[in-house]
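Peer 1: How does the following fold in three dimensions:
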Amino acid sequence: MRPLLPGLLAAAVVVGCGFGLHAALGALPVMTLCVLGGAVAGHLLRSPARRAHALRRLDARIAPGLAAAGRTLMRAGIVLLGLQLVPADLAALRLQGVGIVLAAVALAFAGTWLTARLFRLPGDEPVLLAAGFSICGASAIGAMGQARGTARDASTPIALVTLCGTLSIALLPFANEGLGLAPMTFGHWVGASVHDVGQVVATAQTAGTTALAAAVVVKLVRVLALAPVATLGAWHARRARGPAAGGARAPILPLFVVGFGLMVALRTTGWLPDAALEAGRIGQELLLGAALAGLGYAIDLRTLFASAGRSTGAAVVAWAWVAAVGLAVAHLLSNGSFMI
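Peer 2: Below is the predicted model:
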């Protein structure tokens with residue numbers, strides 16, 4: 001544990017800065033700021049132009065702890081994320097509405113995966129990018145990478161999903177000025193197409209409380225898809241490697257996915273007091289923020305910029321696809337009788 005402390009403290013500093021900047025700026029969500037903070041720190045410490053002896057030593061001291069944060073704290077944060085799924089809010093969509101949102105998740109995942117494959121993104125990046133765009137941003141990428149044993153491929157998808165999700169905060173309200181959507185319809189669109197939960201809140205609140213409530217409900221259904229999608233991803237990776245593959249194989253049902261499901265079930269019982277739920281929310285934000293700082297630190301900005309044309313092109317096409325699917329879902333939910 002002792003060798004990990006410098007990196008864990010560095011992650012805590014990034015999270016603290018993220019919360020501070022969020023309080024000062026308001027527009028950018030904390031999770032986005034944590035990814036960006038980790039990426040900037042990694043670039044400054046590892047840039048060839050700044051490879052002074054002191055910086056090399058600092059990088060060597062904090063890198064193990066930040067890597068551990070990206071693995072272990074990510075799993076713990078995803079477990080606590082299950083406490084944020086409010087059964088009453090999900091019930092408000094009714095069964096047909098939930099089915100429509102889950103079908104949209106499947107379409108978003110398939111379209112993003114196909115786009116990433118067409119743009120020839122390497123390794124497991126197509127699957128990870130698809131998880132991030134279709135479910136809940138960098139958290140879903142981390143969960144899928146952990147489930148499939150391919151977290152090493154997560155840095156570029158995390159950078160891309162953070163970029164596109166941040167652009168959504170500005171672009172979707174701007175697009176709505178031309179589309180003239182009703183607040184509830186706009187909220188459904190945001191909930192069905194924006195990636196990170198914090199980005200959903202930041203985008204939807206521009207149209208008022210009605211839009212914000214509608215966006216959060218739809219987004220919660222997408223988050224609910226995290227457990228089955230991660231489990232399917234783990235099963236597919238295990239099957240693809242086959243019995244002859246060497247080394248330890250990821251379990252078909254990862255333990256953190258089990259924990260996520262148990263937290264959802266616990267929230268459903270109504271046993272937990274408000275204070276416990278608030279503590280869980282704060283703990284989830286702190287753990288995921290530290291994990292995303294660690295994953296952000298692993299992003300090699302030079303490699304990302306070297307393949308910027310291909311990777312950014314894939315992300316932009318996928319973002320447009322998910323936004324189009326989300327707009328269709330918004331019209332179906334707002335014009336149909338799916339809300340109680």
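
Peer 1: now the helices for the stretch 151-300 of the chain?
Peer 2: Applying DSSP state H, counting those that start in this stretch to the stretch 151-300 of the chain gives helices spanning 155-179, 183-193, 197-204, 209-224, 226-241, 255-269, 274-297.

Peer 1: Can you check what angle separates the longest one from helix 274-297?
Peer 2: For the pair helix 155-179 and helix 274-297, the angle between their directions (axes from the mean of the first three to the mean of the last three CA atoms, to 10 degrees) equals 110 degrees.

Peer 1: and helix 155-179, what's its mean pLDDT?
Peer 2: For helix 155-179, mean pLDDT rounds to 89.

Peer 1: any idea how far the closest residue to R148 other than its chain neighbours is from L4?
Peer 2: Closest residue in space to R148, ignoring its immediate chain neighbours: A237 at 4.0 Å, by CB to CB, 6 or more residues apart in numbering. C-beta coordinates here come from the backbone N, C-alpha and C atoms, glycine included. Relative to L4, A237 is positioned 27 Å away (CB to CB, to the nearest Å).

Peer 1: Pull the contacting residues for the most centrally placed residue in the chain.
Peer 2: Among the residues of the chain, the one closest to the centroid is G137, at 2.3 Å (CA atoms, centre = their mean). Each residue near G137 by CB atoms under 8 Å, 6 or more residues apart in numbering is listed here: 31, 161-162, 165, 195-197, 199.

Peer 1: So for it, what's the pLDDT?
Peer 2: You'll see G137 listed with a pLDDT of 88.

Peer 1: right, and the secondary structure at P64 would be what?
Peer 2: Classification of P64 by DSSP: H, G, I helix; E, B strand; the rest coil places it in helix.

Peer 1: Test my guess that it contacts P3.
Peer 2: Yes - counting by CB atoms under 8 Å, P64 does reach P3; the two are 5.6 Å apart.

Peer 1: Those two: which is more packed in?
Peer 2: Neighbours per residue (other CB atoms under 10 Å) separate P64 from P3, with P64 holding more: 15 against 10.

Peer 1: gap between that one and A213?
Peer 2: 43 Å.

Peer 1: can you check G77 too?
Peer 2: On the measure of CB to CB, G77 and A213 end up 24 Å apart.

Peer 1: Equivalent analysis for A131, please.
Peer 2: In terms of CB to CB, A131 sits 26 Å off from A213.

Peer 1: Tell me which of those two has more neighbours.
Peer 2: Just comparing A131 and A213: by other CB under 10 Å the higher neighbour count belongs to A131, 33 against 16.

Peer 1: before we move on, back to that, and A237 and L4? Which one has more around it.
Peer 2: Using other CB under 10 Å, the more surrounded residue of A237 and L4 is A237, with 20 against 17.

Peer 1: That one and G149 touch, don't they?
Peer 2: Yes - the pair A237 and G149 qualifies as a contact (CB under 8 Å) at a distance of 6.3 Å.
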